[in-house]
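*Asks:* From the sequence below, what's the structure:
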Amino acid sequence: MDFLRKHVPLGKQALTMCMGFGCNAAGVIGCRIIDSPRERLIATITNAFVPCNGRFPLLITIAMIFFGGMAGGFASSFVATIAVLIVVLIGVLLTLLVSRILSKTILKGMPSAFVLELPPYRKPQIGKVLVRSIFDRTLFVLGRAITVAAPSGIVIWLLANINLGNATLLTYIANFFDPFAKLIGLDGYIVTGFILGLPANEIVLPIILMSYLSSGTLVDMEEISSIGEILRQNGWTMLTAINVMIITLLHFPCGTTLLTIKKETGKWKWAATSFILPTLCGIMLCICTTVVWNVFC
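*Replies:* Numbering: from 1, shown residues only. Predicted coordinates for the structure are as follows:
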């Protein structure tokens, strides 16, 4: 019984964590399957510790450019895959660790019992399944995504096109964050890219490339070699690549996920907690890697 009390709640959280690999917002909604309000809240807060589909393209691109490029030839894909896999495993381990810490501190309580009741078999009703999945899930999340993305796109365009003196507002913002960015092994444009990428993780790399190229619109490149050349020309090193992969994994969830957390929990403080926790973990881990790199390399 003690074994079940300790490990069954982790099994329920693992189900919602797997949904988070597709979309953190969907993973948060999936936490509804957890009966205990305390355990549901823990799973909701820690869901963003695993990379969603919006983060994987950046992780894979950086891994191919720097880790795969280091190996070269046939081994490049294998090495890049291992690098991404390590990042994913770090996210899973941190999810379990932070969940454990939360359950022993601010969300302390007794684990709930787990009862698995098999419903009677019924013939699937395809129409009802489609309606529920579209209206209760897909449109539910897409509506919030549009609410966040539309005004944010306007803000990004204005920052990239309004000039003050010889520089854009985007450049001034990047210069402001640059001292802090150097502390964690990045640069101001990278930090600015992640901040402006709050609406959707997919636009972080296009914002960074737009900043480096001084373009007024988001840049979308398909050639990894071209992206790698731009990044190296702007000072990216192996340390930069490692820290970008870390901060890609460990930073605040997208705006859609934050709105979903607020809706599911009913309180902005839990959305703020979900924003702060992974970001602090990412910053601390980047500081550690930067210090170790500067000492030994």
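*Asks:* mind listing what's buried in the helix or strand that T240 is a member of?
*Replies:* Using DSSP states H and E, T240 falls within helix 238-249. Across helix 238-249, burial judged by 16 or more other C-beta atoms under 10 Å covers L239, T240, A241, I242, N243, V244, M245, I246, I247, T248, L249. C-beta: built from backbone N, CA, C; applies to glycine.
*Asks:* Nearest to M70 among the residues you listed?
*Replies:* Ranked by distance to M70 (C-beta to C-beta), the buried residues of helix 238-249 are led by A241 at 9.8 Å.
*Asks:* Contacts only, for the nearest residue to the closest one once chain neighbours are set aside.
*Replies:* Spatially, and ignoring its direct neighbours in sequence, A241 is nearest to F66 (3.9 Å; C-beta to C-beta, 6 or more residues apart in numbering). If a contact means C-beta atoms under 8 Å, 6 or more residues apart in numbering, then F66 has G228, W236, M238, A241 as its contacts.
*Asks:* Is it correct that the last one is in contact with T61?
*Replies:* No - taking contacts as C-beta atoms under 8 Å, A241 lies outside contact range of T61: 10.0 Å.
*Asks:* Would you point out the most distant pair within the buried residues of helix 238-249?
*Replies:* Using C-beta to C-beta, the two most remote members of the buried residues of helix 238-249 are L239 and L249, lying 16.1 Å apart.
*Asks:* what's whichever helix or strand E229 is part of in contact with?
*Replies:* Taking DSSP H and E as the criterion, E229 maps to helix 224-233. Residues outside helix 224-233 that contact it (C-beta under 8 Å, 6+ apart): T61, M64, I65, F66, G69, L205, L209, Y212, L213, M221, T240.
*Asks:* Contacts only, for L107.
*Replies:* R38, L41, I42.
*Asks:* need the residues you listed in a markdown table with distance to W293 and secondary structure, can you?
*Replies:* Formatted as a markdown table, the contacts of L107 follow (distance: C-beta to C-beta, whole Å; DSSP: H, G, I helix; E, B strand; the rest coil):
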| residue | distance to W293 | secondary structure |
| --- | --- | --- |
| R38 | 39 | helix |
| L41 | 37 | helix |
| I42 | 33 | helix |
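*Asks:* For those, pick the one with the most neighbours.
*Replies:* I42 (25 neighbours; other C-beta atoms under 10 Å).
*Asks:* Report the separation between that one and L249.
*Replies:* Separation of I42 from L249 (C-beta to C-beta, to the nearest Å) stands at 19 Å.
*Asks:* Which stretches in the stretch 101-250 of the chain count as helices?
*Replies:* If DSSP state H, counting those that start in this stretch is used as the criterion, the helices of the stretch 101-250 of the chain fall at 126-133, 139-161, 169-183, 188-196, 204-213, 224-233, 238-249.
*Asks:* TSV please, covering these and showing distance to K263 and mean pLDDT.
*Replies:* Shown next, in TSV, are the helices of the stretch 101-250 of the chain (distance: least, C-beta to C-beta, whole Å; pLDDT from 0 to 100):
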stretch	distance to K263	mean pLDDT
helix 126-133	18	64
helix 139-161	8	69
helix 169-183	30	94
helix 188-196	23	94
helix 204-213	24	90
helix 224-233	36	90
helix 238-249	25	95
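*Asks:* and of the ones you listed, who's closest to K108?
*Replies:* Closest of the helices of the stretch 101-250 of the chain to K108 is helix 238-249, at 27.1 Å (criterion: C-beta to C-beta).
*Asks:* from the chain's centre, how far out does that closest one sit?
*Replies:* 13 Å (C-alpha atoms, centre = their mean, to the nearest Å).
*Asks:* Show me what it is in contact with.
*Replies:* So helix 238-249 is contacted by 49, 51, 55, 58-59, 62-63, 65-67, 70, 83, 87-88, 90-91, 184-187, 190, 194, 201, 204, 231, 282-283, 285-286, 289-290, 293, 297 (C-beta under 8 Å, 6+ apart).
*Asks:* rerun at 7 Å
*Replies:* By C-beta atoms under 7 Å, 6 or more residues apart in numbering, the surrounding residues in contact with helix 238-249 are 51, 55, 58-59, 62, 66, 87, 90-91, 184-186, 190, 194, 282, 285-286, 289-290, 293.
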